[in-house]
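[1] how would this look folded up:
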Amino acid sequence: MHKIGAIGILIILGFILDTIAVFTTGWIEVSVVAIKNYYYGISPFQSGSKPTWFNVASWLMFISFILALVQILAFLHALSRIRNCGCSHSIRHSFNLITSISAIISIFIFVAFILTAANLKSFLGYADASLGYSSFIALAAAILIIIAGGLSQHVRHFDCC
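    Reported below is the predicted structural model:
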């Protein structure tokens, strides 16, 4: 039961970090003047004013946020079934779903990060653009979600027979 609690904590922490990454404005930091920095975020979404690659990264992060909500619901479903029936063979599908969603979320976050990092110098023509704090928060969320997915697969394979 401790492993299942750890999965829940990792999913919730990953969701919180993913939410912070999506809804804060620190994806790209631009130094225009030596003493003034500007930050650009993926929210609110404005497709006309940003490059195409940034729009794709934005949509990937929005989808990862929605999938994180689905992952929480899948975990709550698995948790309620475990509390009622124990960790039986029939609950393995819920853990497979959690693992699959973890993989998709992590891939989307990594692709959004790579798109942002690779195209940073071309962002709106600024030469002094760098990755901001939100992109690194998103990476931390992806790492936590990967660990939750791996632990979910471990519980599915070894604990739910």
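
[2] can you give me the helices in this structure?
    In chain order, the chain shows helices spanning 2-23, 52-85, 92-118, 133-154, with DSSP state H as the criterion.

[3] for Cys160, find the nearest of those helices.
    Ranking the helices of the chain by their distance to Cys160 (criterion: C-beta to C-beta) puts helix 92-118 first, at 5.2 Å. For every residue, glycine as well, the C-beta is placed using N, CA and C.

[4] can you name every helix or strand that that closest one contacts?
    Other helices and strands packing on helix 92-118, by 3 or more C-beta pairs under 8 Å, 6 or more residues apart in numbering; DSSP states H and E, are helix 2-23, helix 52-85, helix 133-154.

[5] and the angle from the second one to helix 133-154?
    Orientation check (axes from the mean of the first three to the mean of the last three C-alpha atoms, to 10 degrees): helix 52-85 against helix 133-154 gives 40 degrees.

[6] so which bits of helix 52-85 are buried?
    Along helix 52-85, these residues count as buried under the neighbour rule (16 or more other C-beta atoms under 10 Å): 53-55, 57-58, 60-62, 64-65, 67-68, 71-72, 74-75, 78-79, 82.

[7] if we can go back for a sec, by mean pLDDT, show me the worst of the helices and strands packed on helix 92-118.
    Comparing mean pLDDT across the helices and strands packed on helix 92-118, the weakest is helix 52-85, with a mean of 90.

[8] just give the nearest non-adjacent residue to Leu115, would you?
    Once its chain neighbours are removed from consideration, Leu115 has its nearest residue in Ala57; the separation is 4.5 Å (C-beta to C-beta, 6 or more residues apart in numbering).
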